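Trainee: Could you work out the structure for the sequence below:
(3 chains)
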Amino acid sequence: MVERTPIFNAVCQIVLFIGLLTVLLPFLIVVIAATHDIRTVNTVPMPLVPGSDLFANLHEAWIRADLGRKLLNSFLFAGTVAAGKVLLSSMAAFAIVYFRFPGRMLMFWLIFITLMLPLEVRIVPTYAVAANALAPFQAILDVTGISWLIRNVSGLQVKLEWGLLNSYTGLILPLVATATGTFLYRQFYLTVPDELAEAAKMDGSGAVRFFVDILFPLSKPNMIALFTIMFVWSWNQYLWPLLITTDPNFGIAVTQLKHLIPSEFGLPDWNVAMAGTLIIMAPPLIVVILMQRWFVRGLISTEK
Amino acid sequence: MNAKLIGAVGTFAVAALLAGPAAADKTKIDFWFGNSGDIAKRVQEQCERFNASQADYEVVCTSQGSYDASLQNTIAAFRAGQQPTIAQVSDAGTLDIMLSGAYYPANKLMTDMGYTVDWKDYFSGIANYYATSKGEMYSFPFNSSTALLYWNKDAFAKIGKDHAPATWEEAAADFKALKAAGYACPLGFNISRDEVWQLGEQFLAVHGEPIATRKNGYEGLDAELSFNKGKWVQFVRDLKGWYDNGEAVIKSKETGQTFIEAFANGDCQVILTSVGDHGNIGRTAKEGLNWDVAMLPVYEGTDRKSSFVGGASLWVLTGKSDAEYKGAAAFFDFIAKPEEALTWSTVTGYIPVRNSGFEYLNQQGFYKEAPYKGRELAIQSLTASPAEDPAPQGIRLGGLLQIRQEISNGLQAIFIKNEDVQASLDTAADRGNQILRKFEQTYAGKTLP
Amino acid sequence: MEKRATFSSTTIGLLFALPMLVLIFVFFYWPSGQALYWAFTLEQPWGGGNTWVGLQNFRQLLSDPYYWGAISRSMVFGLGSTSIAMGVALLLALFTDREMRGHKAYRSVFIWPYAIAAPALGLAFRFILAPEAGFLSLINQIWPGLWNPALDGTDAMIAVIIAFSWKYVGYNFIFFLSALQSIPRSLIEAAAMDGSGPMRRMWDIQLPLLTPTLFFLLVINITESFQDSFGIVDIMTQGGPARATELMVYKIYFDGFKGLDYSGAAAQSIILMGLVVLLTIVQFRFVERRVHYK
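Mentor: Predicted coordinates:
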């Protein structure tokens, strides 16, 4: 666009540059802390001239936290959670926005309320559910008398069991069950012109066709934004993975990071902790950078 | 006839687990603990030494990141029937588990599994902190520490002294002299929740004053806080006086530097902290820092009593198989060996918990030379009064962590908002008592073992 | 908000929503229901049983002046951090979208804050904000005693608001930018041809088209400020000094998670939840009316 607004441009550049500095400062501190030895990192104030121990610290952090295996697990875990969220929330929001059936608004609020009570508050009962994910159904069968009925009719004792402890499923499913994505997709669907759905109906294509062929491509920027955010969010999840995986084979990177953070009476080796942070922080940053490419206009279909 | 519906993925996960290392003949036991960072690494090493030492058991040690998370996760797992065999519980969670009935008492376990343990071998101060009112040990002291006074010898030399203050009166004079000699921070301290134990609980312990009635709660859940009635009020007043004169300075991570870092850096000349920090300070101290430790001072005319032990102990949980309990007993037997005590105390700052361990360390000359010299004072401090002394040797209060938070809030009101000392401590005690009453009501009908 | 064109098949609609509904039933409502039951009992943490006490937990909380203090502090925190995080992110997104020199770098760097792990954030901010040793100690060299979050409650509150906003700027930025990027370029070019300057275009075209996203972020930011502040408070101030940063959610985690007072924490979560639901309903009723959907 050829346009001359030099003063406004200058203001923009200055604001953006200040923003850049503010954003980068904490990262710089982490990087610099990772280059010091233990004594230097604990002096106050910590010198801002980088030290020479970066590779030693990275190596120590990598070995101590067994990061090779854990990073792989983290990728699997965060990728699946993010993909699951995108898929399930786009579907749920579709049902809420594009259908007209009783209890539709109740459904929206049922999903929406899950935003209000964080996992930590309900962690003890959630763990019990993860130990047997079918327990709620068992309880329902018991309370409603259905299990009693089955036992009397067929002689079978109904015992539903599906243990999720120390499994990828157990890591992933509870984290998919929240509402952020559904809400985002609802907002997006509401901005999609009504004419599109009308045209689709006129063509005689059903709801599924419309969802797959029209809405899905349209929602790409949304999808990528949500995937990115959710990938980063699940990558940094700590409490749930720590609780549900005691088998190191299923451990993820961030819980290892917590093990690197010095404890109260431990050696304050913040240099190694920060080196570990650098390694563990890198994948979400790379994902963010890669996903950014998809935001560039032109890759997005804008023919509306 | 069981019609089990097992989900495909769940089965897959179980299969993956079983397909792991083929150590079918070894009994696996889980051990969850809360330490992180360097200490977690040391615990892991200890587990590996145990696994290498015999062929029957394999202990799988998992750090849960912190004491709080470890306790919470153990509880969640216990309630779901998936608990580890051994769990570490810190001093603040001791009463909850003691009332839960969720454990296999340590003394019973060892007897049942055919080990004879000389329970008298444990230092009385340590044993009593975790024992019942009848003196039975329900858990094994694991990582144990107590508070010491750390002092900068060079700074004290400047004011013509070659020893640490033994009384608070002497300390007050020293702080004044240090201030006059140009030191900006004679005493570094903090009043956050995690740092009030050395100022409060330990002070009361060495002065033989109760923190609560009913022998600090050992004799019943109806104990009431009484820390706002004795010498401690005077101490808080004195501390506030030093603070107002600039002789005592609050150093925390919020101000930029904890008092431990400030001491290691030579900025503060006296601090009170755990013997567990002895190793850290040695490793992070500024080049040439000339420092030593001493027992906590007492007020003149006070008959010094034992200080309290800090740290955590190991509990064995119910609902496990006999084989697993055998493994747990073998593990406890292993970590009680004097050689293990030596390794443990060398790599961490924690102290040996048994007389035999201490003597072994002494024989090896552990306490004679530089990095470890001075740590024996922790044992001295813990055993200052005889075992049969009637003064309480620990704290048995519910919601101890929340009570510490109330004490911390009270101190913050005094030091930061300049509120009245007595009134603020009274408020803290009142609010603490509400926590105790709620706890009592929660465990209505249960009696302390 | 209603769509004119909808599909009629209830079965297909339900099928679309079913996976999500099953998941939230098993992993949210079932366990939450159990947790909320504790609010009316005194629950023994190790599962040894409980006593029904009715509303006792609530009565105790609501008669405690310190608890009301935590409620009002949470409000201040929520409003402060939401307006900073959203305002700054919106500004940065609008300016980045102008695709001036360096916009590619800005586009990715502004999201980074959301990617940083909490402990690293805590350490970094400790270094920046500490009154004796951090960057802000410069202020104290010019005006001694002006900045001291360790001892001054207001400063501590400002510090946690800054740290929280810093993280959420990245979050908001990514959604603002994705929304801006899906506005057809032709629309803006047409306006430019009509002679309206860049500020005018932002105000007249881009902002109105952003309102669905703005509304989404407003709701999310406010709920998150009530939920997600625990980590930052725990790392930076532990609720101090003298309760100045004791937010509702911090008290919940502390009492329940660390203090093992499950019932007290459950009662507090009900109050917090009620408050957030109330706020959300208000937003849906009054704010969403102003949102421009196409």
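Trainee: Counting by contacts, list what the longest helix along chain C packs against.
Mentor: Counting by DSSP state H, the longest helix found in chain C is helix C:65-96. Packed against helix C:65-96, as judged by 3 or more CB pairs under 8 Å, 6 or more residues apart in numbering or on different chains; DSSP states H and E, are the following elements: helix A:6-33, helix C:103-109, helix C:153-181, helix C:207-227, helix C:248-252. No exception for glycine: its C-beta is placed from N, CA and C like everyone else's.
Trainee: So is the longest helix seen in chain A next to chain B?
Mentor: In chain A, ranked by residue count with DSSP H as the criterion, the top helix is helix A:67-98. No - Helix A:67-98 does not reach chain B (CB under 8 Å from any CB of the partner chain); its nearest approach is 11.9 Å.
Trainee: What are the buried residues along that helix?
Mentor: Buried residues in helix A:67-98, counted by 16 or more other CB atoms under 10 Å in any protein chain shown: A:67, A:69-71, A:73-75, A:77-86, A:88-98.
Trainee: How far off centre is that helix?
Mentor: Centroid displacement of helix A:67-98 relative to its chain, using CA atoms, centre = their mean, to the nearest Å, is 7 Å.
Trainee: Tell me the helix or strand right after it.
Mentor: helix A:104-113 (DSSP states H and E).
Trainee: can that following helix be found next to chain C?
Mentor: Yes - Helix A:104-113 is in contact with chain C by CB under 8 Å from any CB, via A:104, A:107, A:110, A:111, A:112, A:113.
Trainee: and which of the residues you listed is nearest residue B:148?
Mentor: For the residues of helix A:104-113 next to chain C, the residue nearest residue B:148 by CB to CB is residue A:113; the value is 51.8 Å.
Trainee: Surely the closest one touches residue C:276?
Mentor: No - Residue A:113 is not in contact with residue C:276 according to CB atoms under 8 Å; the separation is 9.2 Å.
Trainee: Just want to know which of those two has more residues nearby.
Mentor: Looking at residue A:113 and residue C:276 with other CB atoms under 10 Å in any protein chain shown, you find the greater number of neighbours at residue C:276, namely 23 against 18.
Trainee: Tell me the spacing between the more buried one and chain A.
Mentor: From residue C:276 across to chain A, the span is 5 Å (CB to the nearest CB, to the nearest Å).
Trainee: Now name the helix or strand holding that residue.
Mentor: Residue C:276 is part of helix C:262-282 when elements are defined by DSSP H and E.
Trainee: mind listing the strands for the stretch 151-300 of chain A?
Mentor: A:157-160 (DSSP state E, counting those that start in this stretch).
Trainee: Over to the stretch 301-449 of chain B?
Mentor: Using DSSP E, counting those that start in this stretch, strands in the stretch 301-449 of chain B cover B:310-317.
Trainee: Near chain A, which residues of it are found?
Mentor: Residues of the stretch 301-449 of chain B lying close to chain A by CB under 8 Å from any CB are B:348, B:349, B:350.
Trainee: who's in contact with the nearest residue to the last one once chain neighbours are set aside?
Mentor: Which is residue B:350. Leaving aside its sequence neighbours, residue B:350 sits nearest to residue B:143 (CB to CB, 6 or more residues apart in numbering or on different chains; 4.7 Å). By CB atoms under 8 Å, 6 or more residues apart in numbering or on different chains, the contact list for residue B:143 reads A:265, B:35, B:39, B:276, B:311, B:312, B:348, B:350.
Trainee: count of neighbours near the last one?
Mentor: The burial metric for residue B:350, expressed as a neighbour count using other CB under 10 Å, is 26.
Trainee: And the fifth one, by the same measure?
Mentor: The criterion is other CB under 10 Å. On that basis, residue B:311 has 24 neighbouring residues.
Trainee: So for it, what's the pLDDT?
Mentor: As predicted, residue B:311 sits at a pLDDT of 86.
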